[in-house]
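Chemist: Here is a sequence together with a model predicted from it:
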Amino acid sequence: MSPELIRADTDPVGRSDRPLTITVDGVTIAGVHGQTLASVLLAAGRSQWRTATAGGPRGVFCGIGVCFDCVANVNGIPDIRLCRRPARDGDAIATQSRADRGAQ
């Protein structure tokens, strides 16, 4: 998974992007339809959005939905794997911490 967003006008595939916006902890971030939530965050320069029980930062690790390091609260639902969830216009992401919920 690349952290770089390739602009549609320079992409050799010739796609036409449909923009979308999400909010992460109240901050608006732009993306395009077809991206996962994790790829929108990575393209915006965010590499972490969860804190482990021991306090360490977490973001994308495996990128295929196996490790659960990239989970966050999406539209009020906790523990959504952002590497697997397609971004939808208006999604609201809140970072989460296992320390707040106890070890799980």
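Modeler: Here it is on my side, so go on. Numbering: from 1, shown residues only.
Chemist: What does the spatially most central residue of the chain show for phi and psi?
Modeler: Nearest to the geometric centre of the chain sits A38, at 2.7 Å (Cα atoms, centre = their mean). Torsion angles at A38 (phi, psi; degrees, to the nearest 10) stand at phi -60, psi -40.
Chemist: Need the pLDDT of it.
Modeler: We have a pLDDT of 94 for A38.
Chemist: likewise A54?
Modeler: On pLDDT, A54 comes in at 80.
Chemist: in the sheet, who's paired with T21?
Modeler: Counting by DSSP bridges, T21 is bridged to A30.
Chemist: Could you pull up the contacting residues of it?
Modeler: For T21, the contact set (Cβ atoms under 8 Å, 6 or more residues apart in numbering) comprises 28-31, 89-90. No exception for glycine: its C-beta is placed from N, CA and C like everyone else's.
Chemist: okay, now the spatially closest residue to P86 that is not a sequence neighbour: neighbour count?
Modeler: Nearest non-adjacent residue to P86, counting by Cβ to Cβ, 6 or more residues apart in numbering: T36, 6.1 Å away. By other Cβ atoms under 10 Å, the residues close to T36 number 21.
Chemist: So, low pLDDT: which residues of the chain?
Modeler: The model of the chain has pLDDT under 70 over residues 1-5, 98-104.
Chemist: again, 80 this time
Modeler: Residue ranges of the chain with pLDDT under 80: 1-8, 14-16, 51-53, 55-57, 61, 63, 65, 97-104.
Chemist: That one: helices as residue ranges?
Modeler: All helices of the chain, identified by DSSP state H, fall at 37-43, 98-101.
Chemist: who touches I93 in this structure?
Modeler: Applying Cβ under 8 Å, 6+ apart, the residues near I93 are 22-25, 37, 41, 49, 72-74, 82.
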